[in-house]
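Q: Give me a 3D structure for the following:
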Amino acid sequence: MGIKLSGAKELKAALARQRNVQMLAAPVVKHHGAQLQQNAQRYAPVDTGTLKRSIRLEIRDSGLTAEVAATTDYAAYVEYGTRFMLAQPYVRPAFQQQEGKFLRDLRKIIDE
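A: Numbers count the residues shown, from 1 in each chain. As a prediction, this is how the structure comes out:
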């Protein structure tokens with residue numbers, strides 16, 4: 001009685017390719033995260049400049065996640081508005097501008 005394992009060679013190749021894609025993706029994630037941060041800062045309305053300066057980039061998950069967020073308490077009110085104040089979006093337009101470029105660069109890595 002024994003166990004027969006088939007496809008081990010293919011599995012090893014697929015895992016190696018996945019690690020390679022992850023290594024190649026990290027710089028792309030970082031680059032586009034930085035671009036997103038810069039664009040959000042550019043689009044942020046400026047009164048005192050606090051909101052603009054509060055927009056931060058955090059890279060996590062071994063470089064596979066970029067999170068751009070404003071850290072002021074009122075950031076969401078500016079982005080979405082309130083019943084007393086019109087919205088002044090700055091993150092959503094920055095994201096929409098960057099999204100297609102980011103996906104294009106990721107597809108290049110995957111298709112290599």
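Q: ok, which stretches of this structure are strands?
A: Taking DSSP state E to define them, one finds strands in the chain at 55-60, 65-70.
Q: winner for burial among those strands?
A: Highest mean neighbour count of those: strand 65-70, a mean of 18 (counted as mean count of other CB atoms under 10 Å). Glycine gets a C-beta too; all of them are placed from N, C-alpha and C.
Q: so can I have JSON lines of the strands of the chain showing distance to residue 83?
A: Converted to JSON lines, these look like this (distance: least, CB to CB, whole Å):
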{"stretch": "strand 55-60", "distance to residue 83": "25"}
{"stretch": "strand 65-70", "distance to residue 83": "21"}
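Q: among these, which is nearest residue 29?
A: Comparing those against residue 29 with CB to CB, the closest turns out to be strand 65-70 (5.0 Å).
Q: Now do the same contact list for the residue nearest the centre of the chain.
A: Centroid-nearest residue in the chain, with CA atoms, centre = their mean: residue 66, separated by 4.0 Å. Applying CB atoms under 8 Å, 6 or more residues apart in numbering to residue 66 gives the contacts 29-30, 32-34, 36, 57-60.
Q: rerun at 7 Å
A: 29-30, 32-33, 57, 59 (CB atoms under 7 Å, 6 or more residues apart in numbering).
Q: just those now: which is nearest residue 84?
A: Nearest to residue 84 out of those is residue 57 (CB to CB; 30.6 Å).
Q: From residue 13, how far off is the residue nearest to the closest one when sequence neighbours are not counted?
A: Excluding the flanking residues, the one nearest residue 57 by CB to CB, 6 or more residues apart in numbering is residue 37, at 4.3 Å. Computed as CB to CB, to the nearest Å, the residue 37 to residue 13 distance reads 36 Å.
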